[in-house]
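Participant: Test case, fold it:
(one chain, ligands or ions: 1)
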Amino acid sequence: MSIKKIQIKAPGYHDMFSVSTGGLENLTVLEINEKTIVIEAPAHITATMPNVIIKSASVLTKVDALIITHSDADHIAGLDSLIWHKLFGENSRLLLITHKEVAKQLWQRISTAFETDRVDGKTPRDFDHYVEFIELKLGETTYINHLGIKIESFKRSTKHAPFLSIAFRVLQKGTLLIAYSGDTSFDPELIEFLVKGENHPVIHEVGSYTVGSTSHTHIEELLTLPKDIQARMFINHIPISLEEMIRRRIKEEKSPIRFANELKNIKMKRK
Ligand SMILES: [Zn+2]
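Facilitator: Numbering: from 1, shown residues only. The predicted model follows:
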């Protein structure tokens with residue numbers, strides 16, 4: 001049996017509203033058998049991805065599949081340029097993995113520029129022309145056989161916005177590779193889902209400026225978790241103005257919480 005190579009990297013851990021981060025907003029990349037599964041499409045995705053040291057079947061974009069959690073700009077601002085690069089640069093469609101409702105919202109946002117063919121100027125085009133869509137359903141497992149993975153979705157929307165936002169776990173051959181909170185206020189029930197099972201890393205957002213926010217999690221809230229759970233947490237979506245305070249609080253509490261970019265050290269080889 002051939003050796004399967006897996007790498008997980010989160011080159012950036014800031015939120016998109018942080019200027020001067022070199023385009024390294026929250027972006028997480030799984031490389032499995034030389035194909036990439038990218039989580040979120042922040043504004044600079046097409047500039048950032050070629051600099052991430054990974055192997056990809058996509059020569060130009062380095063994105064072989066894309067998971068989107070929700071339709072806020074900081075998670076999808078790079079989507080339209082990514083689709084154009086796929087279409088004109090790679091002559092292919094973007095493999096998009098998300099909930100049906102999120103896919104619908106994405107098409108609504110970009111359809112003005114995309115609903116008519118841009119070469120002949122008249123042929124109507126729909127989302128399927130640009131995107132190969134794989135649907136995630138709340139509380140269900142989706143098998144993506146040609147990528148060798150399955151994705152377990154959390155049973156409900158995360159507590160982030162009036163519209164849907166998803167959280168999920170990625171497994172390869174029955175082994176958990178990573179769990180991803182997406183944007184959410186502090187939610188013990190969600191954390192229970194994310195950590196359940198094995199010792200896999202959990203990427204959790206800490207985007208909140210205040211404790212008790214209804215849309216994001218504050219570092220003080222993650223610091224209330226048991227230390228063994230904290231040890232599994234890799235944080236992202238961090239406002240640059242809070243970074244110093246977050247690093248200080250982690251140190252003061254002797255917390256094992258790490259920043260998402262430290263995931264780059266995780267390499268797994270499986271048979
Ligand atoms: Zn966000």
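
Participant: excluding its backbone neighbours, what's nearest the residue of the stretch 1-150 of the chain found nearest the ion?
Facilitator: Per Cβ to the ion, Asp74 is where the stretch 1-150 of the chain lies closest to the ion, at 4.2 Å. Where you see a C-beta, it was placed from the backbone N, CA and C, and this is true even at glycine. Leaving out its chain neighbours, the residue that sits closest to Asp74 by Cβ to Cβ, 6 or more residues apart in numbering is Met16, at 3.5 Å.

Participant: got any ranges where the stretch 1-150 of the chain has weak pLDDT?
Facilitator: Within the stretch 1-150 of the chain, the stretches with pLDDT under 70 are 1-4, 18-24.

Participant: ok, how many other residues are close to Ala73?
Facilitator: With neighbours defined by other Cβ atoms under 10 Å, the count for Ala73 comes to 13.

Participant: so how far is Glu205 from the residue nearest to it when sequence neighbours are not counted?
Facilitator: Using Cβ to Cβ, 6+ apart and skipping residues adjacent in sequence, the residue nearest Ala73 is Met16, 7.1 Å away. Counting by Cβ to Cβ, to the nearest Å, the gap from Met16 to Glu205 is 12 Å.

Participant: okay, and the common contacts of those two?
Facilitator: Counting by Cβ atoms under 8 Å, 6 or more residues apart in numbering, the contacts common to Met16 and Glu205 are Asn26.

Participant: Pick out whichever of these two has more residues nearby.
Facilitator: Neighbour count, other Cβ under 10 Å: between Met16 and Glu205, Glu205 has more, with 28 against 23.

Participant: Can you report phi and psi for that one?
Facilitator: Dihedral pair for Glu205: phi -80, psi 150, per degrees, to the nearest 10.

Participant: And the nearest residue to it once chain neighbours are set aside, how far from the ion?
Facilitator: Of all residues not flanking Glu205 in the chain, His237 sits nearest, at 3.8 Å (Cβ to Cβ, 6+ apart). Going from His237 to the ion by Cβ to the ion, to the nearest Å gives 6 Å.
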